[in-house]
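> model this:
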Amino acid sequence: MRKKYLQMSLLDTYQTVGEHLENDKPELFRLLDEHLDWDELIPDTFYAAFYRRVGRKRRYELEGLMKALFLQRIFHYIEDTQLLNTLRFSYEMRDYCGLDKIPDAAKLTRFKQDFCDHIRAVFERLVELTEPICRKMDETLADMLVFDTTGIESYVAENNPKFAQIKARQAKAYAKVDPTFDPVAGKTAFMPEFAASNPAVKQQYINGHFCYAQKAAVVANGLGIVRHLELFDDGFKRAHPEMEIEKRTSCPELDKEIGDSTALKPVLLDFRVAHPAFSYGTFSADSAFDSYCNYTFLMKEYGFSKAIIPINHRRGSPAAEVGFNENGTPLCPRDGTPFLFDSKYNIKGRAPRFKFTCPKTKWVNTARGHSKRCFCDNPCSTSAYGRCVYVCPDKNLRLYPGISRDSDAFASIYNRRTAVERSINSLKDTLGIANRKTSNVLSTKADLFLAGIVQLLCVLLAEKLHDDKLARRPRRLIA
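Coordinates of the predicted model:
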């Protein structure tokens with residue numbers, strides 16, 4: 001019996017080849033193509049600025065450059081040449097980016113510097129898109145803002161270990177002339193205040209060591225998902241002339257160019273301008289933000305109901321009244337034992353009050369039902385109920401920031417502050433902005449927002465794939 005052969009048309013051949021190319025595409029690129037719509041993510045103003053008439057047609061598409069920079073961050077390509085070499089030898093990556101020609105490193109640098117503000121606009125749009133997703137993941141943690149600052153070390157000669165060794169030898173030589181001079185403690189006096197190649201790179205004391213870096217602020221929610229980024233460049237300083245940026249002390253550990261406490265208000269105000277519809281109930285930060293004016297701003301002006309900030313003991317104890325400890329908790333007049341937080345009273349027409357009770361008061365069954373009785377051998381009150389103290393938190397928001405400082409809830413919420421530290425670690429180490437070989441301010445700023453964009457795109461993918469763990473683990477996308 002003669003075998004029948006089917007005649008294949010050119011269309012059939014094209015469809016077969018197309019199916020094989022689609023099936024052989026790496027899972028990551030197929031996932032990104034399916035779930036990320038860059039036309040929706042990139043604002044129209046970015047398109048208008050990129051494609052405006054400049055005398056010639058653009059050789060590279062906007063989406064292609066943004067996709068390439070996205071892959072650079074998620075693949076942890078610190079140098080641009082790593083990205084370009086991979087694009088040159090990977091057809092699948094070029095196909096995903098839509099690049100028929102590989103740009104050079106200077107093109108990527110000019111793109112980031114020329115359109116830094118528009119890259120920030122992409123980040124702000126992603127913040128808007130991911131806010132309801134965060135609320136769906138965990139309403140309580142999404143209702144909390146955590147603030148911290150960090151330094152992005154720059155590629156300058158002053159960060160070379162040999163530079164520090166030279167300054168140490170200079171300090172030792174000076175100590176031979178002046179025996180009263182301590183060469184170990186005084187070595188920092190020989191260090192310049194800023195890098196010679198870029199005055200914007202200032203001397204900082206970050207994570208226990210001296211370095212030359214550009215300072216930035218990171219605001220994340222309790223889930224560790226970034227909500228706002230700010231680089232303290234000249235533009236930020238000009239927009240907020242009220243900030244104190246002069247040198248205040250001779251101690252570098254305390255004197256950061258823009259103090260953490262000083263930066264809090266302008267950063268949060270910029271965040272509100274960018275997202276006026278957002279509201280949060282809880283704020284958390286470390287003790288560097290412990291300031292009377294900050295509590296007033298956070299709870300009276302910004303609208304937080306709780307400000308979880310530990311007392312900074314270097315600024316002195318805020319409890320001036322006798323009978324209160326440094327956290328604002330009443331003390332027993334007999335032996336100084338701290339009272340226990342009982343409840344918070346919100347009575348209409350009256351100021352909110354915190355109620356504290358004697359620690360030796362217990363619940364007992366009486367003829368009238370279940371009630372409290374004091375079992376102190378030497379009671380300080382004639383009442384069988386025991387002594388109770390009411391305090392008005394509005395009188396001192398630092399002592400009573402919407403919650404008792406000695407309560408378990410305060411400690412539990414403050415433990416969530418590590419979410420912003422994990423977010424900073426993801427931006428700097430996982431997404432590769434810590435070891436970049438550049439000191440240019442615009443490049444640093446653009447890379448910071450690109451890292452934030454990658455983190456938020458992971459949130460969108462996690463929502464599409466119904467896997468919340470992907471929202472905080474960008475590397476799992478590659479696996």
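> residues touching Pro474, list them.
With contacts defined as Cβ atoms under 8 Å, 6 or more residues apart in numbering, Pro474 is in contact with Ile74, Ser426, Thr430, Leu431, Val454, Gln455, Cys458. Where C-beta positions appear, they are placed from N, C-alpha and C, glycine not excepted.
> Phi, psi for it please.
Pro474 has phi and psi values of phi -60, psi -30 when expressed as degrees, to the nearest 10.
> how close does it sit to Pro161?
As for Pro474, its distance to Pro161 is 31 Å (criterion: Cβ to Cβ, to the nearest Å).
> Show me where the stretch 151-300 of the chain has its strands.
202-206, 209-221, 226-231, 282-284 (DSSP state E, counting those that start in this stretch).
> Quick check: which of those is nearest to Leu269?
Nearest of the strands of the stretch 151-300 of the chain to Leu269, taken as Cβ to Cβ: strand 226-231 at 10.8 Å.
> Tell me the neighbouring strands of that closest one, and mark each as parallel or antiparallel.
strand 209-221 (antiparallel) (DSSP bridges).
> Next, the angle strand 202-206 makes with the partner strand.
70 degrees (axes from the mean of the first three to the mean of the last three Cα atoms, to 10 degrees).
> Show me which residues of strand 209-221 are buried.
Phe210, Cys211, Tyr212, Ala213, Gln214, Lys215, Ala216, Ala217, Val218, Val219, Ala220, Asn221 (16 or more other Cβ atoms under 10 Å).
> Ok, stretch 127-135 next?
Across stretch 127-135, burial judged by 16+ other Cβ under 10 Å covers Val127, Leu129, Thr130, Glu131, Ile133, Cys134.
> The second one: helix or strand, and which one exactly?
Assigned by DSSP states H and E, Leu129 belongs to helix 116-137.
> could you say what helices and strands that helix packs with?
In terms of contacts (3 or more Cβ pairs under 8 Å, 6 or more residues apart in numbering; DSSP states H and E), helix 116-137 is packed against helix 38-41, helix 44-50, helix 139-142, strand 226-231, helix 441-465.
> With distance to Lys101, mean pLDDT and mean neighbour count as added columns, please give these in CSV.
Putting the helices and strands packed on helix 116-137 into CSV (distance: least, Cβ to Cβ, whole Å; pLDDT from 0 to 100; neighbours: other Cβ atoms under 10 Å) gives the following:
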stretch, distance to Lys101, mean pLDDT, mean neighbour count
helix 38-41, 19, 91, 13
helix 44-50, 17, 92, 14
helix 139-142, 43, 93, 16
strand 226-231, 32, 95, 23
helix 441-465, 22, 92, 22
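> And Asp104, how close does it get to His118?
21 Å.
> My error: substitute Arg73 in the last question.
17 Å.
> who has more neighbours, the two?
A direct count of neighbours by other Cβ atoms under 10 Å for Arg73 and His118 places Arg73 higher, at 24 against 19.
> helix or strand for that one, which one?
helix 62-74.
> buried ones in that helix?
By 16+ other Cβ under 10 Å, the buried positions in helix 62-74 come out as Leu62, Gly64, Leu65, Met66, Lys67, Ala68, Leu69, Phe70, Leu71, Gln72, Arg73, Ile74.
> next one: stretch 289-297
Residues of stretch 289-297 classed as buried by neighbour count (16+ other Cβ under 10 Å): Phe289, Asp290, Ser291, Asn294, Tyr295, Phe297.
> wouldn't the last one be in contact with Val267 here?
Meaning Phe297. No: the pair Phe297 and Val267 does not pass the contact test of Cβ atoms under 8 Å, sitting 11.5 Å apart.
> State the distance from Thr282 to Lys306.
5 Å.
> Need the residues touching each of the two.
Common neighbours of Thr282 and Lys306 (criterion: Cβ under 8 Å, 6+ apart): Ile413.
> Looking at these two, which one has more neighbours?
The residue with more neighbours, out of Thr282 and Lys306, is Thr282; 21 against 18, by other Cβ under 10 Å.
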